[in-house]
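In: Fold the following and give me the result.
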Amino acid sequence: MLKSTAELKLEPLKRALSDSKKPLMAEEFEFMQLLGEGSYAEVVKAKYKKTGKIYAIKIIHMKHMAKVLNCAILTKKARERVPGTN
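Out: Residues are numbered from 1 along each chain as shown. Below is the predicted model of the structure:
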């Protein structure tokens, strides 16, 4: 389910909308509508407050991604211990 902007972790977003080197922040957008959701992310329709342009933004659930990364690291370590699997 779509979270309110207050519940969203205000992580920097890639600054693809400007020449500035400052990262975009979630608070610079007005989140409008849930467009889709998957097992690890949601895609929401959002309006960039400065320009009024509409974008689709993917919000990745980092808790799930941390589990995936941890599993990949453990798999790599296990393969390093078994001869002939590198």
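
In: Relative to the whole chain's centre, how far out is stretch 48-58?
Out: How far stretch 48-58 lies from its chain's middle: 16 Å, per C-alpha atoms, centre = their mean, to the nearest Å.

In: hmm, I was thinking of stretch 66-74
Out: Distance, centroid of stretch 66-74 to centroid of chain: 17 Å (C-alpha atoms, centre = their mean).

In: Would you map the strands across this protein?
Out: Applying DSSP state E to the chain gives strands spanning 12-13, 24-25, 29-37, 41-48, 54-60.

In: Take these and lay them out in a markdown table including mean neighbour count.
Out: Backbone N, C-alpha and C define where each C-beta goes, glycine included. Below are these laid out as a markdown table (neighbours: other C-beta atoms under 10 Å):
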| stretch | mean neighbour count |
| --- | --- |
| strand 12-13 | 14 |
| strand 24-25 | 16 |
| strand 29-37 | 14 |
| strand 41-48 | 17 |
| strand 54-60 | 14 |
